[in-house]
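A.B. asks: task: produce atomic coordinates for the following.
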Amino acid sequence: MIKCLICDDELMAHQVLEAYILQTPGLTLVGKCRNALEAFAKLEQQPIDLIFLDIEMPLVNGISFLKTLINPPKVIFTTAYSNYALESYELNAVDYLLKPFSPERFAKAIDKVKLAIGNQSQPEAEKPAEETALVIKEKEGFIRVSHDNILYIEASKDYMRVVTPGKVHLVHITMKKLEESLPATQFVRTHKSFMVSLRAIRMVRSAELVLTSGTVIPVSVNYKDQVNEKFKGN
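C.D. replies: Residues are numbered from 1 along each chain as shown. Here you go, the predicted model:
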C-alpha cells in the first residue's frame, strides 16, 4: 500500500485529490496539510511514500520545500502553473499535474509512481550515501545544519538546543527522535539531556567531559561506558 500525503493550500484541491486517492487501489491517504511546514511535521511523524505537492503556497513554496529534503518520498506536483515543470523534473519529481486534471491523467501519474517504487525495491548495486546534515525548521523556512558543525545538543523543556560554533538552533523534537536521526558513528549520548559530537570532545573525566570549545558536559552513570568506548574508538 502506497502511503500518500496531500500538501496544498486550496481546500478544493484536497477534496479532489482525496476522492481520486480513495478510488485508486493500492493508495491510502495518511495526511493532509496546507503548507510545507505542516508537511515537514507529517514526514517526521510517520513514513510517507508519496506526496501530492502544490507549488505556490504561503510560507515556503513546494519547490523550495522539496530541495530541503535529503531523502524525499516520491513527489507528484499538482499545480495551476506550468512554468515550474522543467525545474520539477530536475528534482526527480515523478510527474507534474496541471490543475484541473482528470481521473485518467491522475491514474497515469500513479502508474509512474508504482513503477518507480517497484524499481526502487529491486536489489541496489550500492547503498545510498549517509545523510550529512540535520534539517531544521525555523521561522523563515528550513535550513540544513551540517553534522560536522554540531558541537552538542541539550534538552530544554519541549525543545532541543542544537549548539554550533556560531549559533544555537531550537528544534521542536524529542531527544530520542533526534538521536535516531543522527549517525551513531559521530555522536554519543552522555546524559538524558545531552548528546555530543565525538569530534568536539577534548577530554573525558569520571562524570563529565570537556569540549574543544571549553564547554563542560555532564556524563551520567547510565551513559558512562558508551562514552568511554566511543571516545577511545573514535
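A.B. asks: any idea which element Tyr96 lies in?
C.D. replies: Element membership of Tyr96 [criterion: DSSP states H and E] is strand 95-98.
A.B. asks: next structured bit after that strand?
C.D. replies: helix 103-120.
A.B. asks: for stretch 193-201, the distance to its chain's centre please.
C.D. replies: In terms of C-alpha atoms, centre = their mean, to the nearest Å, the centre of stretch 193-201 is found 22 Å from the chain centre.
A.B. asks: so where's this structure uncertain?
C.D. replies: Where the chain drops to pLDDT under 70, the residues are 119-131, 234.
A.B. asks: for it, what spans make up the helices?
C.D. replies: Under the criterion DSSP state H, the chain contains helices at 11-22, 36-45, 62-68, 85-90, 103-120, 175-181, 221-233.
A.B. asks: for the residue in the chain sticking out farthest from the centre, what are its contacts?
C.D. replies: Farthest-out residue of the chain from its mean C-alpha position, per C-alpha atoms, centre = their mean: Ser206, at 36.1 Å. Residues near Ser206 by C-beta atoms under 8 Å, 6 or more residues apart in numbering: Val219, Lys224. The C-beta positions use only the backbone N, C-alpha and C, and glycine is treated the same way.
A.B. asks: by contact count, what packs against the strand holding Tyr96?
C.D. replies: Helices and strands touching strand 95-98, by 3 or more C-beta pairs under 8 Å, 6 or more residues apart in numbering; DSSP states H and E, are strand 74-79, helix 85-90, helix 103-120.
A.B. asks: at 7 Å instead, please
C.D. replies: strand 74-79, helix 103-120 (3 or more C-beta pairs under 7 Å, 6 or more residues apart in numbering; DSSP states H and E).
A.B. asks: which parts of that strand are buried?
C.D. replies: Using 16 or more other C-beta atoms under 10 Å as the test for burial, strand 95-98 gives Asp95, Tyr96, Leu97.
A.B. asks: next: stretch 52-60.
C.D. replies: The neighbour-count check on stretch 52-60 (16+ other C-beta under 10 Å) flags Phe52, Leu53, Asp54, Ile55, Met57, Val60 as buried.
A.B. asks: hmm, Ala109 is touching Ile76, no?
C.D. replies: Yes. Using C-beta atoms under 7 Å, Ala109 is in contact with Ile76, at 5.2 Å.
A.B. asks: okay, and the common contacts of these two?
C.D. replies: Common neighbours of Ala109 and Ile76 (criterion: C-beta atoms under 7 Å, 6 or more residues apart in numbering): Val94, Asp95, Leu97.
A.B. asks: how about the contacts made by the last one?
C.D. replies: When contacts are counted by C-beta under 7 Å, 6+ apart, Leu97 touches Ile76, Phe77, Thr78, Arg105, Phe106, Ala109.
A.B. asks: look at Ala39 and say how many residues are nearby.
C.D. replies: The number of residues packed near Ala39 is 27, by other C-beta atoms under 10 Å.
A.B. asks: so how far is Ala184 from it?
C.D. replies: Counting by C-beta to C-beta, to the nearest Å, the separation of Ala39 from Ala184 is 28 Å.
A.B. asks: how's this structure carved up into domains?
C.D. replies: For the chain, automatic domain parsing gives the domain ranges 2-120, 133-233.
A.B. asks: what residues are bridge-paired with the closest residue to Met203 other than its chain neighbours?
C.D. replies: Leaving out its chain neighbours, the residue that sits closest to Met203 by C-beta to C-beta, 6 or more residues apart in numbering is Val210, at 4.3 Å. Taking DSSP bridges as the rule, Val210 bridges to Met203, Val216.
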